[in-house]
Each structure stands twice: as structure tokens, then as C-alpha cells.
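Undergrad: Structure for this input, please:
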Amino acid sequence: MSLLVYSHKNQVMSFAITTVGWIFSMTSMGLAEWRLWYVDNSSAFPTGLATVGMWKVCTYHHANYYKTHMKCHRYAYSDAYLPLDVRVAQNLLLASSILGLLGKVLIVLGLGNVYLGHLQKNATWTLFIASGALNITAGVALAVTVIWNYHAVMSREGIDFPAAFNIPFRPDRQEPGSAVPVAVLAAFMMVLSGLLSLSYQLPPDSQVYPEAAEA
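TA: I've put the predicted structure just below:
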């Protein structure tokens, strides 16, 4: 039994890392702080901050020294004003969350086979390999989202929000938000968990020899 546990410690670690990475992935998807837009004094738009996410945008305007007004607008999937990078990021984040969940389910099934003694080589190996591939793909999808978002920020790309949002097409300055390091950590953990899952090897078959009876 100790050999069995030792042989699959990487897969147990993969399950734990996958779980945390998937939670971070879902968290980053829901955050609005992918891009921080700073709007300075302007005759057309009030001074303040806008946090641009993949599914919503929030604005913060100072009413006075002690009070700040916050207002959020959620995107509809069919909104025509969303640029290509946001549309692609939405799909990548959804794909990452689904693939990560499937990867976690498969590794649970694989570990179940191991600890219940169902060590059929093809079935258990396939579960761990498929889980690893799904988790790595999920991590890559997150990484592409982060890179594309960073490129949009560095290129100072704008978004033609509806006039009702009271947000300019392009801010005076912008920078990556707090959702980015969360997504980076999630991507790293998903890829790491996938690599650990791919390292699966069946323990060598053990042979039991009967003890010779003493004369």
C-alpha cells in the first residue's frame, strides 16, 4: 500500500493544485479589474476610475472627499461594441473553466481507481493523461487571455462603450488590474497540475513468494 501511495503522490498533488487553480480561474473571470482606466479632468467625462473586465465594467467617481459613486454595467454576449480581444477572452475564460472542471473530475476518477485497487492499465492511465491534457489546455487559454489583455493595455486600445456608460473611448492612461496576477497564478497552477498528472506511472507488479515450511 505504501508503494501505491508513493506512486501516485504526484496525482494527489495535481488534484489539490487543480482545485486551487480552478478557483483562481473562476475568480479572475468574475473580476472587473482586468484593465484600470484613469480619466482626468475633462469637459465631456467626469474625473474618476473605470475598471474594465471581461464581463462587466465599473466606474468610480468622487462625489466629494468622503464619498465615491460606483456603478457597474454588465455586458451581454451579443453586445456589438465589444472589441475582438474581449470577445475572444470571454470564450477563452469559459473554455478554461470548463476544461479545468473536467480535468478535476477525471483525476478524481483516476485516483478512485487507484485507491480502490482498480489498476487496469489502460483505464487509469487514460484518465490521468486526459486530465493532464485538459488542465494544460485550460492553463494555456488563461495565459493567452492574460497576454492579449496586456497587449491591449500597452497599446492603449480603446472600447466604444455606449454613451449611457459615461466612459470615454480611450482613457488618459491605463494599466493592468488586479485580475491579471490572479489569472497568471491560475494559469501556472493549471499547467503545473497538468504536468504532474501526466507523470502517472503504474507501480511495478509485485510478486509474492510463499514461505517455505520449516521441517
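Undergrad: Give the closest residue to Leu111 in space, chain neighbours not counted.
TA: Nearest residue to Leu111, sequence neighbours excluded (CB to CB, 6 or more residues apart in numbering): Gln11, at 6.0 Å. Heads up, the C-betas are built off the backbone N, CA and C, glycines and all.
Undergrad: my bad, should have said Met189
TA: Per CB to CB, 6+ apart, closest to Met189 is Gly21, 3.1 Å.
Undergrad: what does Pro162 give?
TA: Pro162 sits nearest to Tyr81 (CB to CB, 6+ apart), 6.5 Å away.
Undergrad: Name the next helix or strand downstream of the longest helix seen in the chain, please.
TA: Identified as the longest helix of the chain according to DSSP state H is helix 121-154. For helix 121-154, the following helix or strand on the C-terminal side (DSSP states H and E) is strand 173-176.
Undergrad: quick one: strands adjacent to that next one?
TA: Paired strands of strand 173-176, with direction, are strand 35-39 (antiparallel) (DSSP bridges).
Undergrad: Just the residues contacting the strand it pairs with, thanks.
TA: By CB atoms under 8 Å, 6 or more residues apart in numbering, the list of residues contacting strand 35-39 from outside reads 45-53, 149, 152-153, 167-168, 171-177.
Undergrad: For Val39, list each beta-bridge partner.
TA: Gly48.
Undergrad: In terms of pLDDT, where does it sit?
TA: Predicted confidence (pLDDT) for Val39: 86.
Undergrad: State the distance from the closest residue in space to Ser199 that isn't next to it in sequence to Ile23.
TA: Nearest non-adjacent residue to Ser199, counting by CB to CB, 6+ apart: Asn10, 4.9 Å away. Distance from Asn10 to Ile23, counting by CB to CB, to the nearest Å: 21 Å.
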